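> can't give you the sequence, but here's the structure:
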Ligand code: FEO
Ligand code: CA
Ligand code: CA
């Protein structure tokens, strides 16, 4: 929630960029910039009237709850105390082990990390920066031996490079990056595939595994589906419109039922700079994406990131990328049938028909919730038969109605307004400009859709909506009921007849987030939730093998919530519904990403993203945090090592399920 970052990429992940959805499907209303910080509440500077105490369909649809089993929370672990310091903290009785950090070798011939002499070539074989999504793919069905797949979303050069930040007249200023530093950044993006095994109860990396692999911002990928080979994807370097160098801003993701790794390209617009020629055909397309973002200096050395020189390059990003981790030489595929927008993730589930359903949020204020339903069906007996399932199917966008019902509206060429008269010549145009197509269908403008997690155990789907301070009283709707929604909420969807492929369903709000002790916030955590148990800004979610929901957050800090981000366990059933409990918290400045459990429930993998970022000390006082003077040196706590994003694995001391 840093309104004015000191460095260009500081606070990038939790920042709220200017919304670009100016479609007329709902009146935007006057934009207000009220900042509902916790401190603001405590100081009485709050514009109370700007918060809607709306009672939405949640209440109207909650009657069946009376029939749900009564009882307490399904979680019993000792709760972590919420707060902020330099270290991470896990519940008593558990171990949290750092499994891999930025710079650790991934491929067997990569050098050890030397932060003072880093090169792009070294980085291309080492663990990348800002780990986000984490997936576990068992080898031979094992919960103790498998492949860890990890996204590297973005880079924080002010925390990565010595000497880049200078203090001038008391102010810390980031300098220009060299070509080598830019190439290190590009190599630190993408993903990592790492073989891991649990030996005598302790996880370790298999250093010489044939599966170990880095995917970076220059790895050759193949475009598949409706936009493959389209003129709008052709560049001076690729006349085929199918071969793209790299995948960028891989935020959350997914693992398919057939064991492939999905990387969601989110804020891809940020890597591009320059200006399109006047009246260029892509002007409207790029404006709807807030593009080019101009967050990085890559265009100084690579023309493809300058839209004045390569106006089509950006049409080659913003997709779900599928990787076969079992073949280290496989070419990652950009599955354009699933649409092009700021994809947060791509969690999947098999519908009763055998069709595969993948949910994806478009993370921007006032953008939409999507799902993709494959045309073909999942074949559990023949892995190879599933490898191109994601190229054919129907992409839907959600409309959440005021009465608690919802509709999934198909984005299909020739149907409704999605015709040549509106600039859609084919399905390729629809997937390239997914947002504009969804605007025309009247989709519901949401409060920054992040991870969307289906739960096979209870048949529900959980939508993380992280926040939206720009929503006004005029803009509220039942599914986004709070103006100036600083702390976000979680929607629970029930698809019709429990069929994840259904085109309609019902919904209710599981939680409105924020401090429940401040009435004006309007948070709806159960009264059993302790002062440690509430959170703001839900971002990622996981469901464990017992069907229980875990939520991780992005944006909690000393100023706004008096706590770091972390992982909270949330009851969804019975009388305990809406009770939340803190299990793990990150070091100062970090965001909590990637929660995933092994199927036996005994191992939990967590990604600690951008530790030491954010420009605050533990009490919330502004302070620049950069390479030479970071707010924490987690996880090494060595003066000769920078703060490093890392993946942590949590196990229970003495063994057994994480939470019983
Ligand atoms: Fe990259 Fe929407 O978080
Ligand atoms: Ca986030
Ligand atoms: Ca996220």
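Great, that's in hand. Because the structure is predicted, anything quoted here is derived from the model rather than measured. Numbering: from 1, shown residues only. Ligands and ions are numbered 1, 2, ... in the order given.
> Can you name the residues bridging to residue 357?
Beta-bridge pairing for residue 357 (DSSP bridges): residue 349, residue 373.
> what's around residue 155, how many residues?
28 (other CB atoms under 10 Å). All C-beta spots, glycine's among them, are computed from the backbone N, C-alpha and C.
> does it count as helix, strand or coil?
Of the three states, residue 155 takes coil according to DSSP: H, G, I helix; E, B strand; the rest coil.
> which ones are touching it?
9, 129-130, 185, 188-189, 296 (CB atoms under 8 Å, 6 or more residues apart in numbering).
> What parts of the stretch 401-550 of the chain come near ligand 2?
Applying CB under 5 Å from the ion, we find that the stretch 401-550 of the chain lies next to ligand 2 at residue 539.
> And the helices in the stretch 401-550 of the chain, which stretches?
427-432, 434-441 (DSSP state H, counting those that start in this stretch).
> before we move on, what about the chain?
All helices of the chain, identified by DSSP state H, fall at 38-42, 57-60, 120-123, 157-160, 179-187, 283-288, 427-432, 434-441.
> Give me the mean pLDDT for the fourth one.
This means helix 157-160. Averaging pLDDT along helix 157-160 gives 98.
> Residue 474: neighbouring residues, count only.
Neighbour number of residue 474 under other CB under 10 Å is 11.
> Oh, that last question was meant for residue 205, not what I typed.
Applying other CB under 10 Å, I find that residue 205 has 18 neighbouring residues.
> just residue 84 next, same as before
Quick note: residue 84 (other CB under 10 Å) scores 22 neighbours.
> you'd agree it is up against residue 561?
No: counting by CB atoms under 8 Å, residue 84 stays clear of residue 561, with 9.7 Å between them.
> one step back: in TSV, list the helices of the stretch 401-550 of the chain along with mean pLDDT, distance to residue 258 and mean neighbour count.
Supplementary listing: the helices of the stretch 401-550 of the chain in TSV, determined by pLDDT from 0 to 100; distance: least, CB to CB, whole Å; neighbours: other CB atoms under 10 Å:
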stretch	mean pLDDT	distance to residue 258	mean neighbour count
helix 427-432	98	22	23
helix 434-441	98	25	23
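> Just put these in a markdown table and tack on distance to residue 225.
As requested, the helices of the stretch 401-550 of the chain are exported to a markdown table (distance: least, CB to CB, whole Å):
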| stretch | distance to residue 225 |
| --- | --- |
| helix 427-432 | 7 |
| helix 434-441 | 12 |
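> residue boundaries of the strands in the stretch 551-660 of the chain?
566-570, 580-585, 591-597, 604-609, 646-652 (DSSP state E, counting those that start in this stretch).
> Neighbouring strands of the first one in the sheet, and parallel or not?
Just to be clear, that refers to strand 566-570. strand 549-553 (antiparallel), strand 580-585 (antiparallel).
> and ligand 3, which of these is closest to it?
strand 549-553 (8.7 Å; CB to the ion).
> so the closest one versus strand 604-609, what angle?
10 degrees (axes from the mean of the first three to the mean of the last three CA atoms, to 10 degrees).
> what's the angle from strand 549-553 to strand 591-597?
Using the same axes, to 10 degrees: strand 549-553 against strand 591-597 is 160 degrees.
> and strand 549-553 with ligand 3, contact?
No: Strand 549-553 lies apart from ligand 3 when judged by CB under 5 Å from the ion; the minimum separation is 8.7 Å.
> List the contacts of that strand.
453, 455, 462, 464, 490, 535-544, 565-572, 580, 583, 591-595, 606.
> can I get the helices of the chain in a markdown table with distance to ligand 1?
What follows is these, written out as a markdown table (distance: least, CB to the nearest ligand atom, whole Å):
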| stretch | distance to ligand 1 |
| --- | --- |
| helix 38-42 | 22 |
| helix 57-60 | 24 |
| helix 120-123 | 21 |
| helix 157-160 | 17 |
| helix 179-187 | 17 |
| helix 283-288 | 18 |
| helix 427-432 | 20 |
| helix 434-441 | 15 |
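> Can you pull the phi/psi pair for the residue in the stretch 501-650 of the chain that ligand 2 sits nearest to?
Taking CB to the ion, ligand 2 has its nearest neighbour within the stretch 501-650 of the chain at residue 554, 3.6 Å off. With angles defined as degrees, to the nearest 10, residue 554 sits at phi -140, psi 110.
> and it, how far is that from residue 255?
In this view, residue 554 and residue 255 are 21 Å apart by CB to CB, to the nearest Å.
> follow-up on the earlier one: quick one: the residue of the stretch 501-650 of the chain closest to ligand 2 and residue 609, what's the gap?
Distance from residue 554 to residue 609, by CB to CB: 8 Å.
> picking up where we left off before, any chance of the strands paired with strand 566-570 in CSV, plus mean pLDDT?
Listed next are these as CSV, based on pLDDT from 0 to 100:
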stretch, mean pLDDT
strand 549-553, 98
strand 580-585, 98
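> Ligand 1 contacts on this protein?
13, 153, 251, 266, 344, 363, 450, 539 (CB under 6 Å from any ligand atom).
> Could you export these as TSV, including neighbour count and pLDDT?
Output for the residues of the chain next to ligand 1, formatted as TSV (neighbours: other CB atoms under 10 Å; pLDDT from 0 to 100):
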residue	neighbour count	pLDDT
13	25	73
153	31	98
251	28	98
266	29	98
344	31	98
363	27	98
450	29	98
539	30	98
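> Which one's more surrounded, residue 554 and residue 255?
residue 554 (25 against 22).
> wait, doesn't the more buried one sit right on residue 13?
Yes: between residue 554 and residue 13 there is a contact under CB under 8 Å: 5.9 Å.
> Report the set of residues contacting both of these two.
residue 591.
> returning to that earlier point: highest neighbour count among the contacts of residue 155?
Busiest of the contacts of residue 155 [other CB under 10 Å] is residue 130, holding 31 neighbours.
> Going by proximity to ligand 1, name the top residue of the stretch 551-660 of the chain.
Nearest to ligand 1 in the stretch 551-660 of the chain, going by CB to the nearest ligand atom, is residue 554, at a distance of 6.4 Å.
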